[in-house]
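Q: Mind looking at a prediction? Sequence and model below.
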Amino acid sequence: MARLDLDEMLASRPAPLENGSPTGAAYFDYRIGQPNLFLMMNFKQLLVERHGIAKGVDFYRQTITRQRDATLEKRLFESHHAYCARHAVELHEIIRAGEAFVIDPPRVIGQGNHRPLRNQTRAFYVSALRDATVRGRSAVTEVADYALADFQGDELARIDDDVEFDSGVFHRDGDTVWTLADAQPPLELDAAFSLLGARTDFFGDWFSDYIARYVAATMTGHVPDVPVLIDAHMPPTHRQALEMNLMGRADLIEVPSFQAVRVKRLWQAPSLSYIPFHQRLNEKFRWDYMVFSPAHRLPLLAELQRRANRTLSANRGPARVFLARKSFRHRKMVNYREIERIAEAYGFERVYTEDLDFPDQVKLLRDARYVLGPEGSSFFLGCFLQPGARVCILNHQQTEGLTLHKWPAPLEIDLTVLTGPQAGPLRGRTQDMDFWIDPETLTSFLEDWSSKPDRI
């Protein structure tokens, strides 16, 4: 994990809140309404290392002036599932934990470290807790003297996870966390379903985790028509994606960063696979922990498509789509201009999905027969592909995690990964390295791959 300079952080001057600063300190603002939780995590960890918890939180409050009056509370850090098993007013378990499964890797052209991923199902359930508190940009649920998080069994203990990434956590030490309670009065609600979290501003996490768990929960028939809590100031496409799946069931309540919401009857559901707060990609981490059972994924994919098709037009989009990635983003394909020209010569239409409204993104993938492009969150839209579609992901040679993109076998979606070597110095995590794709290898592949008869 990259560590930043504490003195630089402390030198940051507060920005006026009326200008849209979510933190009161411009250094820690991601954009209007959105705090940079990664920088704040580094800040909290460095403060505790240098000054300890009590003095460190004083420095924190002097800098993050949006939380100037926040109080520090010591709580027991507990599994949400384990706590609900003892105290939930309603608990409906749909998927049992402990069923083993294996997912074979996709076909890879070039070097890579891909392998079969092995995991066990985690429990999926719908629960309701009495008198619980959640906060904007936080995945932690506060109830009684506990801080609850979505981990089951040894999921949290088996990796190094920076829980301080969460906006509501100042420091964690084993089974104890110190949370930050905002001084502003909480929003009081009788009932709500929470989709608040620390990773909701990332499209891949929002769609493949938060929306997926909401759809899976509503499929059970146990979720009542209650308001849904979402983080404020997410990109418009995030809200569009949720609205497509609400199907008119519930109102949405946007919660600003750090704002507390106290709910008399709080409804929640866990992630379908374990999603860390901010995992360290060291020797303890394994991509196996992130996959979930194809048998349980199939009905979810069918339901996502069913809900989408109720709102999309029947007009056909392009058959060949190149999911382009803008050059300022990390994990850059350094010769992207040449690769895009080759793709266009084979009839692929270049698209930046973030420039489209969400319904247009869905329709783009639903209608495509061939999909090509560098790895990125756009490929999570692949759940809308139709049987027989062909997909080729361009990537560096760290291919172990790409098995997460593989579709369950019954869908007959052909996935190929074409890799190239690292390009330039490594910045940040290995999964985010820049890379280069050999034009001749791609051309040879496309000559055979994209000239085959369409199977849709």
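A: All right, it came through fine.
Q: Go ahead and list the helix or strand containing the residue nearest to the spatial centre of the chain.
A: In the chain, the residue lying closest to the centroid (Cα atoms, centre = their mean) is Asp205, at 1.4 Å. Under the criterion DSSP states H and E, the helix or strand holding Asp205 is helix 203-205.
Q: how far does whichever helix or strand comes after that helix sit from the chain's center?
A: Later in the chain than helix 203-205, the nearest helix or strand by DSSP H and E is helix 212-219. Chain-centre distance of helix 212-219: 15 Å, with Cα atoms, centre = their mean, to the nearest Å.
Q: buried set for helix 212-219?
A: Neighbour-count burial for helix 212-219, counted by 16 or more other Cβ atoms under 10 Å, picks out 212-218. Every C-beta, even on glycine, is put in place using the N, C-alpha and C of the backbone.
Q: closest to Ala100 among the residues you listed?
A: Using Cβ to Cβ, Ala216 comes nearest to Ala100 of the buried residues of helix 212-219, at 20.5 Å.
Q: pretty sure that closest one is touching Ser273, no?
A: No - applying Cβ atoms under 8 Å, one finds Ala216 not in contact with Ser273, separated by 11.5 Å.
Q: could the buried residues of helix 212-219 go into TSV alongside distance to Val143 and pLDDT?
A: TSV is the format used below for those (distance: Cβ to Cβ, whole Å; pLDDT from 0 to 100):
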residue	distance to Val143	pLDDT
Ala212	25	95
Arg213	19	95
Tyr214	21	96
Val215	25	96
Ala216	23	96
Ala217	19	96
Thr218	23	95
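Q: Report the residue spans of the stretch 151-300 of the chain with pLDDT below the cut-off.
A: Along the stretch 151-300 of the chain, the parts satisfying pLDDT under 70 run over 247-249.
Q: repeat that for 80
A: Low-confidence segments of the stretch 151-300 of the chain (pLDDT under 80): 247-250.
Q: Show me where it has its strands.
A: 169-173, 176-181, 187-194, 228-231, 252-255, 260-268 (DSSP state E, counting those that start in this stretch).
Q: residues of the longest strand seen in the chain that come out buried?
A: The longest strand of the chain (DSSP state E) is strand 124-135. By 16+ other Cβ under 10 Å, the buried positions in strand 124-135 come out as 124-129, 132-135.
Q: Asp104: which of the residues you listed is nearest?
A: Checking those one by one against Asp104 (Cβ to Cβ), the nearest turns out to be Phe124, at 23.3 Å.
Q: Just give me the neighbour total for the nearest residue to Arg297 once chain neighbours are set aside.
A: Leaving aside its chain neighbours, Arg297 sits nearest to Pro408 (5.7 Å; criterion: Cβ to Cβ, 6 or more residues apart in numbering). When neighbours are counted by other Cβ atoms under 10 Å, Pro408 registers 15.
Q: Next up, the contacts around Pro408.
A: By Cβ atoms under 8 Å, 6 or more residues apart in numbering, the contact list for Pro408 reads 294-295, 297-298, 301.
Q: try it again with 10 Å
A: Pro408 makes contact with 103, 293-298, 301 under the criterion Cβ atoms under 10 Å, 6 or more residues apart in numbering.
Q: Got the domain ranges for this protein?
A: Domains of the chain are assigned by automatic domain parsing as 1-68, 70-105+119-292, 312-449.
Q: could you pull out the strands for the stretch 351-456 of the chain?
A: Under DSSP E, counting those that start in this stretch, the stretch 351-456 of the chain gives strands at 370-374, 390-395, 414-419.
Q: helices or strands next to the second one in the packing?
A: Judged by 3 or more Cβ pairs under 10 Å, 6 or more residues apart in numbering; DSSP states H and E, strand 390-395 is in contact with strand 107-109, strand 320-323, helix 336-345, strand 370-374, strand 414-419, helix 439-449.
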